[in-house]
Structures are given as C-alpha cells and as structure tokens.
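Participant: could you look at this predicted model? Sequence included:
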Amino acid sequence: MQKTSNTLALGSLTALFFLMGFITVLNDILIPHLKPIFDLTYFEASLIQFCFFGAYFIMGGVFGNVISKIGYPFGVVLGFVITASGCALFYPAAHFGSYGFFLGALFILASGIVCLQTAGNPFVTLLSKGKEARNLVLVQAFNSLGTTLGPIFGSLLIFSTTKMGDNASLIDKLADAKSVQMPYLGLAVFSLLLALIMYLLKLPDVEKEMPKETTQKSLFSHKHFVFGALGIFFYVGGEVAIGSFLVLSFEKLLNLDPQSSAHYLVYYWGGAMVGRFLGSVLMNKIAPNKYLAFNALSSIILIALAIIIGGKIALFALTFVGFFNSIMFPTIFSLATLNLGHLTSKASGVISMAIVGGALIPPIQGAVTDMLTATESNLLYAYGVPLLCYFYILFFALKGYKQ
C-alpha cells in the first residue's frame with residue numbers, strides 16, 4: 001500500500017513541476033514583450049527576472065520553516081493558491097499599464113512557485129529512497145515539458161496580438177500590455193484547480209513517517225550541502241541569463257523578429273526536456289556527479305564557441321546549452337540534500353533561497369550588454385557572465401559534492 005501511495009504521489013507531482021516550468025519560462029516572453037511597451041533598457045527589462053527570482057531569496061527560508069511545520073502535501077496546496085493569486089494580479093497590472101504593478105504581481109506569483117519548489121523537490125527525493133537523482137530528473141522532465149510549451153503558448157497568445165514597433169502609439173502599447181491578461185487569468189484558474197486536486201488526493205507526508213533523529217547537527221556543517229546550494233545559485237543564474245537574453249540578443253544580431261526568436265526558446269527549453277528524459281534512463285548506469293561534470297563541461301565549450309565564432313553558429317550553440325542544462329538542477333539538488341534526514345525540508349528552503357541566482361545574474365548580464373551596446377561592441381561578450389557560472393558547476397561535480 002505504501003509503495004502504491006508513493007507512486008501515486010510521484011505521479012501527481014508531475015503536474016506541479018509542469019506548471020512551475022510553464023510559468024517560469026513565460027518571463028522570457030515577458031521581457032521582450034514589455035521592453036518596448038515601457039521603453040526599458042536591457043537592465044530595466046531584466047528586473048522581471050530580478051523580482052521573480054528575488055522572491056526565492058526572500059521567501060525560500062520562510063517557506064522552508066512553514067513546510068517543516070505543515071508538511072509537504074499542504075505546502076504544495078498553499079503554493080498553488082499563492083501562484084493563482086499572483087497570476088490573477090496580471091489582469092489589473094495590464095489594465096493600469098504599470099510596469100511596477102507587473103513586477104509586484106510577478107513577486108507574488110514567484111512566491112507561490114517558491115513554495116511549490118520548496119515542498120516539491122524534497123518530497124520527490126523522500127519518496128524515492130535509493131533513486132533520488134533518477135526520479136528527480138524524471139519529474140523535472142515534466143518541468144522541462146512546461147518550459148518547452150511555455151514559449152509556444154506565450155508567442156501565440158501574446159506576441160501574435162501585439163502592434164509593437166518603433167511607430168506604435170500609446171494606445172497600441174496599452175493594448176499590447178493587455179494581451180497578457182487572459183493567458184495569466186487562465187493560469188490562475190488552472191493553479192486553483194490543481195490546488196483542489198492535490199488537497200483531495202491527501203498525499204502521504206513522508207517526512208513525518210521518518211524516525212526521529214536524536215542529533216541536532218547544524219545544516220551548514222554539511223559541506224556538500226553548502227557547495228550544492230552555491231551550485232544551484234550559479235546554475236539557475238546561468239540558465240536564466242541565457243534564456244532571458246536569447247530573444248533580445250538575436251533580434252539585434254540577426255535581425256529576427258520577436259516571434260521568430262521565441263522559436264529558439266522552444267528549442268532551448270525543449271532540449272532540457274529531452275535531456276531530462278534521457279538522463280532518467282542513463283542515470284541507472286552513470287554516476288550522477290560524472291554525468292553532471294560532462295554536461296557542465298559541454299556547456300562551457302558551447303558558450304565559448306558562441307562568443308568566439310558569433311553569427312548563426314552562436315545562436316545554435318547557445319540554444320543547445322539547454323540540452324546540457326537538463327539534469328543539472330535535480331542532480332545538484334539530490335547530491336546536496338543526500339543523507340540530511342530531518343534537515344531536508346530546511347535544506348530545501350535554503351536551496352530555494354539560492355535560486356536568487358536567477359535574480360542577480362541576468363541583471364549583471366543586462367548591465368554588461370548595455371555597456372557593450374553603448375560602445376558598439378559584440379553583445380555576445382556578455383555571455384561570459386553565464387560562462388563563469390558553469391565553471392563553478394564543474395567544480396561541484398568533480399569535488400564539491402563529496403560528503
């Protein structure tokens with residue numbers, strides 16, 4: 001009965017990971033969509049990611065403590081309700097045509113995603129004794145399915161109805177801002193529906209079923225956890241930075257329109273989906289840290305090629321980084337939280353805080369891109385910022401993961 005219950009729980013959590021990926025990747029559509037509407041610089045446009053991923057740092061520790069008290073199942077329900085609230089706020093934000101309102105709505109939406117992330121990841125690992133990395137990679141593949149479908153959804157329902165351009169009037173710009181209302185309202189309804197389903201399923205609270213530990217060892221005394229949390233910081237920062245500027249960079253470098261550029265986002269995030277499904281199979285035969293090292297090194301080579309060669313090769317190289325990103329988050333998470341016992345929920349909260357890398361790294365790349373634009377230099381040099389992130393991941397895979 002326990003095995004059946006755990007299998008049902010793992011199956012239902014795939015919906016959670018799908019929604020997280022779907023909503024998060026829509027930021028990559030919002031950036032090029034809102035930039036011309038509000039006449040934003042690259043740095044100002046990157047504040048979308050700053051507000052979204054900044055919520056991880058502010059709320060990660062909070063939800064880590066909350067979930068340790070209410071349990072993973074109720075944590076999931078709470079996360080869906082908060083996410084729905086944030087999505088619903090996009091309607092008035094677009095109505096008033098306020099960039100600040102959009103950022104506030106994004107922060108609330110992101111807080112819900114933080115709660116889902118904090119509850120969902122350790123929930124999967126605790127349900128997967130002995131197969132932590134493999135099963136987390138598998139359910140994260142559905143996260144990648146969401147990030148693959150998100151740009152298609154966004155480009156069809158948002159870009160296709162816009163009148164953006166250098167000669168767009170104020171009325172046209174306000175109409176463009178309102179094109180996000182119905183898509184996000186639909187996501188709010190979907191999130192509430194998932195909250196109801198998760199509540200009715202009454203998923204097992206596996207952490208409460210674990211035997212109590214007598215030792216009170218500090219979480220930060222586990223070096224592999226500390227190095228792993230930093231690994232999540234740099235991984236999310238690097239991945240989000242590339243995704244955030246992929247459309248804007250190649251609009252400028254290759255004169256692609258936003259809708260055409262968005263297709264490459266589909267390939268970028270779709271590559272991660274393919275890589276995760278493949279990884280869930282290969283991890284039965286390859287040690288997780290070795291797999292992680294290979295993917296980190298491959299990403300380093302691809303980004304370096306993009307910077308050096310440029311042109312369409314750069315576009316293809318950066319897009320293909322998505323494939324090698326695939327197993328990084330679930331592998332780093334599972335290696336960082338291995339054998340933490342009752343510290344797992346708090347560890348997940350801290351790791352959620354580390355996702356703030358997605359808030360800090362893109363604005364750094366945005367500022368570098370603004371400087372390169374001002375001096376008419378090669379915009380691809382800005383990808384040196386995420387390149388450094390992947391060097392740290394390589395270190396964690398080779399040495400930092402050891403307990």
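Facilitator: Great, that's in hand.
Participant: return the set of buried residues in stretch 37-49.
Facilitator: By neighbour count with 16 or more other Cβ atoms under 10 Å, stretch 37-49 contains the buried residues 37, 40, 42-49. In short, each C-beta sits where N, CA and C put it, glycine included.
Participant: secondary structure added to the residues you listed, as a markdown table?
Facilitator: As requested, those are exported to a markdown table (DSSP: H, G, I helix; E, B strand; the rest coil):
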| residue | secondary structure |
| --- | --- |
| 37 | helix |
| 40 | coil |
| 42 | helix |
| 43 | helix |
| 44 | helix |
| 45 | helix |
| 46 | coil |
| 47 | helix |
| 48 | helix |
| 49 | helix |
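Participant: closest to residue 137 among those residues?
Facilitator: Within these, distances to residue 137 taken as Cβ to Cβ reach their minimum at residue 49, with 24.5 Å.
Participant: per-residue confidence at residue 146?
Facilitator: Per-residue confidence (pLDDT) for residue 146: 89.
Participant: swap in residue 231?
Facilitator: For residue 231, the model assigns a pLDDT of 97.
Participant: what bits of this protein have low per-residue confidence?
Facilitator: The chain contains residues with pLDDT under 70 at 1-5, 130, 159-170, 172, 206-216, 258-259.
Participant: now with 50, please.
Facilitator: 1, 4, 214 (pLDDT under 50).
Participant: could you identify the longest helix within it?
Facilitator: helix 223-254 (DSSP state H).
Participant: would you mark the buried spots in it?
Facilitator: 224-225, 227-251, 253.
Participant: residue 378: which of the buried residues of stretch 37-49 is nearest?
Facilitator: Distance from residue 378 was checked for each of the buried residues of stretch 37-49 by Cβ to Cβ. The minimum falls on residue 42, at 14.7 Å.
Participant: test my guess that the closest one contacts residue 372.
Facilitator: No. Taking contact to mean Cβ atoms under 8 Å, the distance of 9.6 Å between residue 42 and residue 372 leaves them out of contact.
Participant: what is the burial count for residue 153?
Facilitator: The burial count assigned to residue 153 is 17, neighbours taken as other Cβ atoms under 10 Å.
Participant: secondary structure element for it?
Facilitator: Secondary structure assigned from DSSP states H and E places residue 153 in helix 132-157.
Participant: which helix or strand lies directly C-terminal to that helix?
Facilitator: Downstream of helix 132-157, the next assigned helix or strand under DSSP H and E is helix 170-178.
Participant: can you name the element that comes right after that following helix?
Facilitator: As assigned by DSSP H and E, the chain's next helix or strand after helix 170-178 is helix 181-201.
Participant: elements contacting the helix holding residue 153?
Facilitator: The criterion is 3 or more Cβ pairs under 8 Å, 6 or more residues apart in numbering; DSSP states H and E, and the helices and strands that helix 132-157 contacts are helix 2-25, helix 27-37, helix 99-126, helix 181-201, helix 258-282, helix 328-336.
Participant: now do 7 Å
Facilitator: The elements that helix 132-157 packs onto, with contact taken as 3 or more Cβ pairs under 7 Å, 6 or more residues apart in numbering; DSSP states H and E, are helix 2-25, helix 27-37, helix 99-126, helix 258-282, helix 328-336.
Participant: what about residue 33, distance to residue 43?
Facilitator: Using Cβ to Cβ, to the nearest Å, residue 33 is found at 17 Å from residue 43.
Participant: right, I mislabeled it, should have said residue 361
Facilitator: Spatial separation of residue 361 from residue 43 under the definition Cβ to Cβ is 13 Å.
Participant: what does residue 348 give?
Facilitator: Summarising the geometry, the distance separating residue 348 from residue 43, computed by Cβ to Cβ, is 31 Å.
Participant: what comes up buried for the helix or strand hosting residue 388?
Facilitator: Counting by DSSP H and E, the element that carries residue 388 is helix 384-395. By 16+ other Cβ under 10 Å, the buried positions in helix 384-395 come out as 385-387, 389-390, 392-395.
Participant: show me what that helix is packed up against.
Facilitator: helix 223-254, helix 288-309, helix 357-374.
Participant: now those helices in TSV, with distance to residue 337?
Facilitator: Conversion of the helices and strands packed on helix 384-395 to TSV gives the following (distance: least, Cβ to Cβ, whole Å):
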stretch	distance to residue 337
helix 223-254	7
helix 288-309	12
helix 357-374	17
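Participant: just give me the neighbour total for the residue nearest to residue 245 when sequence neighbours are not counted.
Facilitator: Once flanking residues are discounted, residue 245 sits nearest to residue 365: 6.1 Å by Cβ to Cβ, 6 or more residues apart in numbering. Summarising burial for residue 365: neighbours were counted as other Cβ under 10 Å, giving 26.
Participant: quick one, what contacts residue 296?
Facilitator: 390, 393-394, 397 (Cβ atoms under 7 Å, 6 or more residues apart in numbering).
Participant: 10 Å instead?
Facilitator: Under the criterion of Cβ atoms under 10 Å, 6 or more residues apart in numbering, the neighbours of residue 296 are 231, 235, 238, 324-325, 328, 389-398.
Participant: please apply the same query to residue 10.
Facilitator: Applying Cβ under 10 Å, 6+ apart to residue 10 gives the contacts 123-124, 127-128, 135, 138-139, 203.
Participant: residue 193 is in contact with residue 81, correct?
Facilitator: No. Checked against Cβ atoms under 10 Å, the pair residue 81 and residue 193 is beyond contact range at 11.3 Å.
Participant: of the two, which one has the most company?
Facilitator: For residue 81 against residue 193, the residue with the higher neighbour count under other Cβ under 10 Å is residue 81, and the figures read 16 against 13.
Participant: nearest residue to the more buried one in space, ignoring adjacent ones along the chain?
Facilitator: Counting by Cβ to Cβ, 6+ apart, residue 81 lies nearest to residue 195, which is 5.2 Å off, once chain neighbours are set aside.
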